[in-house]
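Colleague: Have a look; sequence and predicted model below, questions after that.
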Amino acid sequence: MYKTTFAMLLASTLGIGTAWAWGDRPAIDAGAAAAAVAAAGYTDIREVEFDDGTWEVRATGSDGRRTSVHVDPADGTILSPVPAGATHLDLPQVMQRLAQAGYADVREIERDDGFWQAEVRDTAGLRREVRVHPVSGAIVSDRIDF
């Protein structure tokens, strides 16, 4: 929590914008996250936890297996597992979005809790850790990587 708060304070002091930051308060509550999961066809919802910037909901899928469903805290979109019919960005598309946003020197990129997460450098050469929405490609979090 200290790193996130300090990074946000430093970012605001330097005039660097942040979108969704880990540890920020989600726009939707646990009940809305659970309702989104139920509307997607999951049953037996037992746990709802806000963790690493997403709602993580433990539920049973249509195949009868328990799974973790990650829900976008801003709008209730199911991030993972990928819902049927949803088109998620692939790695080249995410790399293109990062370049368009002015990030370079991508050191590491992976899927994490439904989002794409990347370690990059900004135009000033500072190391950043960013999260990219898997469907829209929007940068939903940008923080200094200490």
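Modeller: Happy to help now that I have it. Numbers count the residues shown, from 1 in each chain.

Colleague: The most centrally placed residue in the chain pairs with what?
Modeller: When Cα atoms, centre = their mean is applied to the chain, the residue found nearest the centroid is Phe115 (4.0 Å). Taking DSSP bridges as the rule, Phe115 bridges to Asp112.

Colleague: Give me the distance between it and Arg131.
Modeller: 4 Å (Cβ to Cβ, to the nearest Å). All C-beta atoms are positioned from the backbone trio N, CA, C, and that covers glycine.

Colleague: joint contacts of the two?
Modeller: Gly53, Val140 (Cβ atoms under 8 Å, 6 or more residues apart in numbering).

Colleague: in the chain, what spans have low per-residue confidence?
Modeller: 1-24 (pLDDT under 70).

Colleague: can you pull out the strands in it?
Modeller: In the chain, the strands defined using DSSP state E lie at 43-51, 54-60, 66-71, 78-80, 104-112, 115-121, 127-132, 139-144.

Colleague: buried stuff in the first one?
Modeller: The neighbour-count check on strand 43-51 (16 or more other Cβ atoms under 10 Å) flags Ile45, Val48, Phe50 as buried.

Colleague: Out of those, which is nearest to Arg66?
Modeller: Ile45 (10.6 Å; Cβ to Cβ).

Colleague: circling back to that earlier point, just checking, the residue nearest to the centre of the chain touches Pro73?
Modeller: No: using Cβ atoms under 8 Å as the test, Phe115 is too far from Pro73 to be in contact (10.7 Å).

Colleague: so what's in contact with these two at the same time?
Modeller: Applying Cβ under 8 Å, 6+ apart, one finds that Phe115 and Pro73 are jointly contacted by Gly53, Thr54.
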